[in-house]
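Trainee: just need the structure, nothing else, for what follows:
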Amino acid sequence: MESIIKRITHGQFWNFHGGIHPPEQKFLTKNKPIRTLSLPEQLILPLQQHIGQSGKLLVSVGDYVLKGQALTFSTHAMTVPVHAPTSGTITAIKPSAIAHPSGLSGMCIFLASDGLDKWKKREVCQDHRSLTKQQIIDKILSAGIAGMGGAGFPTHIKVNTHNPINYLIINAAECEPYITADDLLIREQSASIFDGINILDTLLSPKHILIGIEDNKPEAIQVLQQVCKSNEKIKVCVLPTKYPTGGEKQLIQMLTGQEVPSGAITSKLGIVMQNIATCFAIADAVINDTPLIRRVVTVSGQALKKPQNVWALLGTPVNYLLKQCHLQKPVNSNKNQDYRPKQQLIMGGPMMGFSLASDNVPIVKTTNCILAPSEQEIPTDSKEVECIRCGQCADACPAQLLPQELQWSAKAKDQQALDKLNLFDCIECGACAYVCPSQIPLVHYYRIAKSEIRQQQVQNLQAEKAKMRFEARKLRLDKEKLVREAKHKKAAEARKAKMATNTPEASNAKSAVAAALARVKAKKAQSVDNITDKTAIDDNKDQVVNEQTNALQSSNSSPNKDNDKADKRNQVAAAIARAKAKKLAAKKPFIQEEPEQGSSKQEKVNNKTGAKNEQQKTEKTNSKDAGINKETKIDKKAKIAATIAKAKAKKLAKASEDMQENNKKKEKKTSTKKIENVKPAPLDNNIHDSGLTIDDKKAESQSNKKIRIAAAIVKAKAKKASQTKQTKNKKATSPKPNDGDDKKKRIAAAVAKAKAKKQQHGESN
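Mentor: Numbers count the residues shown, from 1 in each chain. Below you'll find the predicted structure:
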């Protein structure tokens, strides 16, 4: 350490890799004093003007605020508040364009000035030595001070380190071309800067305080040397002019000879660095209770008539500063065209600054320069061409990186390669882009790549947090499940133990369990019965068809024997009755009972319904798919069969009435002969012909007619069933659109055949 101080005393310094010597252009503003501007009508205050998070709002639209009043408050270690630069009314709180290379919008407070510039109540501290370290840190935090050299790191975190500090370095190099804000501030506010350095000395207790300043600022060097004589720790280090000497790592290397490793925190190396403007803001906050509401801004460029340094309130729009410095409108070189190109505006210096998309962007805590160059100074028509691999960018890079490879990886969005190439060690000084013969804007590629990586890191962090929340929830649910299972197991064991005892409560519990088991068994049995009932429909249907067929065969076996006919007819009638009873019992869960035949009106309605249902059957049969389940088929077939049978019975009944009328007419003519010749078949073997009267024989003849009609109906139904089966087989293979007409024809033929048989029987009788 002593050797370092000796080298500094003799003016011997180290050097860093690379660096360039661009035109300084500081002559435009370095000889002009700092100018205080009039109050603008409106100020735009972004909530976030530093590295970290924005604070929470303390005001709302319509509130009246005083100068120096806090508009936000800190909720995080990396948060500093924003204050009102003047008194006035909050007119809006909404997103607006902010100072960012990508032209992003951020939440801003719009403050309309009342012109009074009325201060809030302040408490002035004449001697900062009477304050404790924590009180000083709290004052720095409440004043909203962040690094004013360009990075914007919260100052209260930097000065609140517990590591032993060997060197406190004050950065007054101001190596960027055009910028003279720190130079003029040192010349005009040297006493306040010295107070700020002493406050930092109290907080950090460094062994040595080194002020690094380039040799192109002779007046500021002389003022610093004169002011700092009273503090032996302070050494004013005059460095050779070279860009970027003002970089943190580069200045540390030049003064101490130490190279800061990648990703290292300088405080852990025993070094803390503060900007010269930050020292002034610390003194103003601790001694005068003045928050950070203004700063010195260099407004320069050959497009301005009066370039100079100004005291700019934070939130002042850039167009207001340009108006105060008399911005000249750009002149088109081609006089034959009326088009006037837009003025190029840069926030910051020409090396590390960025172009502004709008001149309504406000001044923030890190703004040290507004540059309005002419077309001759910084051309806007430069075109990027392919890299020629000359290697000049690598030679000029002060961080000893490989700019060309970084650019290739940035274009390819290869984040792993960028990480290996140490992208975040780039200080964005712009030296590589300055020396590039292909005019490639290398720094822009690096900024975009850094932004994408930071965004990806945020997404990865959110995904990791979501994963942790999911795992915690799953663990909690599993734990709750185990607790419930243990609780249920314990309750079951308690119930078993309780039921094992011979007490009324135990018997009641057993009864409840038995009742529950009985209910479960009943439900199972009911479900089985339902399945059995559905299956029974097919069996009953087959049984009915078989019985009807057998009855018809038996009734037609001996037509010439009257006694056998009567027996067989009786058997057929009985079989039909049994089949109908079984069929109705099977259909009961699915088909409602049909109303009995009543008046003639009801018969007409039923006839119409039967015909309609027959037509619906034909249409639905053509549209059925092979995948209809069994239960639906049974239900529809049963309904259709019942309707058809009813319609046939009605037609046969009507035909029988007509035949009876004809028979009555014939009987009037030949009543005696017919009575003698009629030999009705006995209904039972125990009944004999000798005891019958003429009326009895007539009644018997009528009953025989009814039996024959019933037999005809059964035969028709059997034919219908066989025809239906054949129709189904045909439809399964090749359905035809005229199946419904064929069915009607077959039904009509069956009915006609039945009528003919009936008439034949009537004539024989």
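Trainee: okay, and for the stretch 101-250 of the chain, where does confidence drop off?
Mentor: For the stretch 101-250 of the chain, no stretch has pLDDT under 70.
Trainee: residue boundaries of the helices in it?
Mentor: With DSSP state H, counting those that start in this stretch applied, the stretch 101-250 of the chain shows helices at 133-142, 155-158, 181-188, 190-204, 218-227, 248-256, listed in chain order.
Trainee: report all helices and strands that the fourth one contacts.
Mentor: It stands for helix 190-204. Under the contact definition 3 or more CB pairs under 8 Å, 6 or more residues apart in numbering; DSSP states H and E, helix 190-204 sits against helix 133-142, strand 167-171, strand 208-214, helix 218-227, strand 271-275, helix 276-288. From N, CA and C alone the C-beta is placed, and that goes for glycine too.
Trainee: of all the residues in that helix, which ones are buried?
Mentor: In terms of neighbour count (16 or more other CB atoms under 10 Å), helix 190-204 has its buried residues at 190, 192-201, 203-204.
Trainee: dump those to JSON lines, plus distance to Lys121.
Mentor: Shown next, in JSON lines, are the buried residues of helix 190-204 (distance: CB to CB, whole Å):
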{"residue": "Ser190", "distance to Lys121": "29"}
{"residue": "Ser192", "distance to Lys121": "22"}
{"residue": "Ile193", "distance to Lys121": "26"}
{"residue": "Phe194", "distance to Lys121": "27"}
{"residue": "Asp195", "distance to Lys121": "22"}
{"residue": "Gly196", "distance to Lys121": "23"}
{"residue": "Ile197", "distance to Lys121": "28"}
{"residue": "Asn198", "distance to Lys121": "26"}
{"residue": "Ile199", "distance to Lys121": "22"}
{"residue": "Leu200", "distance to Lys121": "27"}
{"residue": "Asp201", "distance to Lys121": "29"}
{"residue": "Leu203", "distance to Lys121": "26"}
{"residue": "Leu204", "distance to Lys121": "31"}
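Trainee: related to what we said a few turns ago, out of the helices of the stretch 101-250 of the chain, which comes closest to Arg469?
Mentor: Within the helices of the stretch 101-250 of the chain, the stretch nearest Arg469 is helix 155-158; the backing value is 29.0 Å (CB to CB).
Trainee: break the protein down into its domains, please.
Mentor: The record assigns the chain these domain ranges, following automatic domain parsing: 127-289, 382-500, 542-764.
Trainee: return the distance of the first one from the chain's centre.
Mentor: The reference is to domain 127-289. Between the centre of domain 127-289 and the centre of its chain there are 47 Å (CA atoms, centre = their mean, to the nearest Å).
Trainee: so what's Leu402 up against?
Mentor: Contact analysis of Leu402 by CB atoms under 8 Å, 6 or more residues apart in numbering lists Ala394, Leu421.
Trainee: hmm, 10 Å instead?
Mentor: Gly391, Cys393, Ala394, Trp408, Ser409, Leu421, Asn422, Cys432 (CB atoms under 10 Å, 6 or more residues apart in numbering).
Trainee: tell me the one of these nearest Thr29?
Mentor: For the contacts of Leu402, the closest approach to Thr29 (CB to CB) belongs to Cys432, at 27.1 Å.
Trainee: can you tell me the element that closest one falls in?
Mentor: Cys432 is located in helix 431-435, with elements delineated by DSSP states H and E.
Trainee: surely Thr321 touches Gly301?
Mentor: In this structure residue 321 is Leu, not Thr. No: applying CB atoms under 10 Å as the test, Leu321 and Gly301 come out as separate, 11.5 Å apart.
Trainee: more neighbours: those two, which one.
Mentor: Just comparing Leu321 and Gly301: by other CB atoms under 10 Å the higher neighbour count belongs to Gly301, 28 against 22.
Trainee: so the more buried one sits right up against Cys369, yeah?
Mentor: Yes: at 9.5 Å, Gly301 counts as touching Cys369 under the criterion of CB under 10 Å.
Trainee: shared neighbours of those two, which are they?
Mentor: By CB under 10 Å, 6+ apart, Gly301 and Cys369 have these common neighbours: Thr29, Tyr178, Ile346, Pro350.
Trainee: how close does Lys158 sit to Ile709?
Mentor: 116 Å (CB to CB, to the nearest Å).
Trainee: try Asp215
Mentor: 135 Å.
Trainee: what's the answer for Ile145, then?
Mentor: On the measure of CB to CB, Ile145 and Ile709 end up 116 Å apart.
Trainee: more crowded one of these two?
Mentor: For the pair Ile145 and Ile709, the greater number of neighbours falls to Ile145 (24 against 20), based on other CB under 10 Å.
Trainee: may I ask you to confirm that the more buried one is in contact with Ile136?
Mentor: No: under the criterion of CB under 10 Å, Ile145 makes no contact with Ile136, lying 11.4 Å away.
Trainee: neighbours of Glu505, how many?
Mentor: Neighbours around Glu505, by other CB under 10 Å: 10.
Trainee: just confirm it is within a strand.
Mentor: No: read with DSSP: H, G, I helix; E, B strand; the rest coil, Glu505 is helix and lies in no strand.
Trainee: quick check: end-to-end length of stretch 202-215?
Mentor: Taking CA to CA, to the nearest Å, stretch 202-215 runs 29 Å from one end to the other.
Trainee: buried residues in that stretch?
Mentor: Leu203, Leu204, Pro206, His208, Ile209, Leu210, Ile211, Gly212, Ile213, Glu214.
Trainee: just the closest of the residues you listed to His83, please.
Mentor: Leu203 (22.1 Å).
Trainee: nearest residue to the closest one in space, ignoring adjacent ones along the chain?
Mentor: Leaving aside its chain neighbours, Leu203 sits nearest to Val159 (4.7 Å; criterion: CB to CB, 6 or more residues apart in numbering).
Trainee: give me the distance between that neighbour and Ser262.
Mentor: As judged by CB to CB, Val159 and Ser262 stand 25 Å apart.
Trainee: more crowded one of those two?
Mentor: Val159 (24 against 10).
Trainee: can you show me the helices along the stretch 251-400 of the chain?
Mentor: Under the criterion DSSP H, counting those that start in this stretch, helices of the stretch 251-400 of the chain are mapped to 276-288, 318-324, 392-396.
Trainee: quick one: closest of those helices to Ile640.
Mentor: The closest of those to Ile640 is helix 318-324. By CB to CB, the value is 89.5 Å.
Trainee: other residues contacting the closest one?
Mentor: The contact list for helix 318-324, computed with CB under 10 Å, 6+ apart, reads 35, 37-38, 40-43, 99, 297, 299, 301, 303-304, 306, 308, 310, 312-313, 316-317, 327-328, 343, 345, 347, 356, 358-363, 367, 370, 372.
Trainee: going through those residues, which ones are buried?
Mentor: Among the contacts of helix 318-324, those classed as buried by 16+ other CB under 10 Å are 37, 40, 42-43, 99, 297, 299, 301, 303-304, 308, 310, 312-313, 316-317, 327, 343, 345, 347, 356, 359, 361-363, 367, 370, 372.
Trainee: give me the common contacts of Ile145 and Ile136.
Mentor: Jointly contacting Ile145 and Ile136 under the rule CB under 10 Å, 6+ apart are His156, Val159, Ile282, Ala285, Val286.
Trainee: residue boundaries of the helices in the stretch 451-600 of the chain?
Mentor: Listed in chain order, the helices found in the stretch 451-600 of the chain under DSSP H, counting those that start in this stretch are 504-555, 562-587, 600-623.
Trainee: low-confidence ranges, the stretch 451-600 of the chain, go.
Mentor: Across the stretch 451-600 of the chain, the ranges flagged by pLDDT under 70 are 529-574, 581-600.
Trainee: quick one on the thing from earlier: between the helices of the stretch 101-250 of the chain, which one is nearest to Pro437?
Mentor: When these are compared for distance to Pro437 using CB to CB, the nearest one is helix 248-256, at 24.3 Å.
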